[in-house]
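Peer 1: what follows is a protein structure lacking sequence information:
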């Protein structure tokens, strides 16, 4: 109960600031993209601008971690291969930098080969969960040590007792599971601290050195959201072993992996008319600059009411609509009125933060995905291109 109350409090605070903070971060993340388009590869300003953008994205990640603690269920789910998520992380710059800082730590990895690593869930949050566990294991080792990572299929015909019921469950019920395990030979965790590990802002790391104290709380929130279970054992001075049990999706078919960075030429429009609706002047300015640069004809409106008035006079090919707008009509209400008169018109929702039920209503209305602030040039370009291509 104490843990649930703390999570609810943190989530309420996060939800209160997320929308405004993500709007602010949009300028920090997106304007560098716009400026970088005009800089030569060897321009001395390029490194500074890329650092500004990276810092903004890191701040946005912390906001998202806070929101994960308050989220009930996962808004975006799809069939996923845990094997591929892990491979992607192990090849990432973040992991390579981590291992370069801990050269005395050796890593062994075992993938599930027989059944694949099939689960259904959120790729963003599951990838972050794998990353948090691996990073914590590596950073727990002082000097030489070993970290073992494995993904395996595990069918349970009988309930499996849980050693340390950090979720409140005493057993893992029978069923088919994909189990992601990370073990280390680090400093270990005292029995009295096992439950505290998953508390928000709990950390034994030196302040400012690594992490925010949210990593393991995000792991717990993500496992709960995916209806999974946690097995954890630890011995001070010997190490820790954490296994995450996710319901297996043995009949799932995977979509093709998302493409990597795309050249701007592949994202260019053909002078299609786009109406951008947002109550934040900075957001209108950012979107107008990026879309104009991508080859679209852009008009901006500061409210839902102004949007409807504009559409009564001029045709457009796509409306990019902020979900939360104050005062006046919000994005969902505006979209309903748009589609009531123009059911053929394409809509792309944008948001800095929205409640899960509001987000789901928006997705159902627009029939597509939602663009989350702060967004990069490539994210906006791809989503606009894809939305316009829908017939």
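Peer 2: All right, it came through fine. If you're wondering where the values come from, they're calculated on a predicted model, not measured in any experiment.
Peer 1: distance of residue 231 relative to residue 64?
Peer 2: Using Cβ to Cβ, to the nearest Å, we find residue 231 at a distance of 26 Å from residue 64. Where C-beta positions appear, they are placed from N, C-alpha and C, glycine not excepted.
Peer 1: can you list the weak-confidence ranges in the stretch 201-350 of the chain?
Peer 2: Along the stretch 201-350 of the chain, the parts satisfying pLDDT under 70 run over 201-213, 252-262.
Peer 1: try 50
Peer 2: 206-209, 256-260 (pLDDT under 50).
Peer 1: would you list every one of the strands in it?
Peer 2: Per DSSP state E, counting those that start in this stretch, the stretch 201-350 of the chain carries strands over the ranges 229-235, 239-247, 273-277, 297-301, 318-322, 346-351.
Peer 1: so which of those gets nearest residue 99?
Peer 2: Residue 99 lies closest to strand 239-247 among these, at 17.9 Å (Cβ to Cβ).
Peer 1: compute the inter-axis angle for that closest one and strand 229-235.
Peer 2: 170 degrees (axes from the mean of the first three to the mean of the last three Cα atoms, to 10 degrees).
Peer 1: on that earlier part again, closest to residue 105 out of the strands of the stretch 201-350 of the chain?
Peer 2: strand 239-247 (11.9 Å).
Peer 1: name the residues that touch that closest one?
Peer 2: Identification of contacts with strand 239-247 by Cβ atoms under 8 Å, 6 or more residues apart in numbering yields 82, 119-121, 126, 129, 133, 137, 140, 145, 154, 172, 175-189, 219, 223, 226-234.
Peer 1: for ChimeraX, what selects the buried ones among these?
Peer 2: Selecting the buried subset of the contacts of strand 239-247 in ChimeraX, with 16 or more other Cβ atoms under 10 Å as the burial test, is done by:
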select :82,119,120,121,126,129,133,137,140,145,154,172,177,178,179,180,181,182,183,184,185,186,187,188,189,219,223,226,228,229,230,231,232,234
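Peer 1: what's near enough to touch residue 329?
Peer 2: 303, 304, 305, 337.
Peer 1: the third one: neighbour count?
Peer 2: Neighbourhood size, residue 305 [other Cβ atoms under 10 Å]: 15.
Peer 1: what's the answer for the first one, then?
Peer 2: Other residues within reach of residue 303, judged by other Cβ under 10 Å, total 19.
Peer 1: for it, which non-adjacent residue is closest in space?
Peer 2: Distances taken as Cβ to Cβ, 6 or more residues apart in numbering place residue 328 nearest to residue 303, at 5.0 Å, with adjacent residues excluded.
Peer 1: okay, the strands of the stretch 201-350 of the chain in CSV with distance to residue 387 next?
Peer 2: As requested, these are exported to CSV (distance: least, Cβ to Cβ, whole Å):
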stretch, distance to residue 387
strand 229-235, 38
strand 239-247, 31
strand 273-277, 10
strand 297-301, 15
strand 318-322, 6
strand 346-351, 5
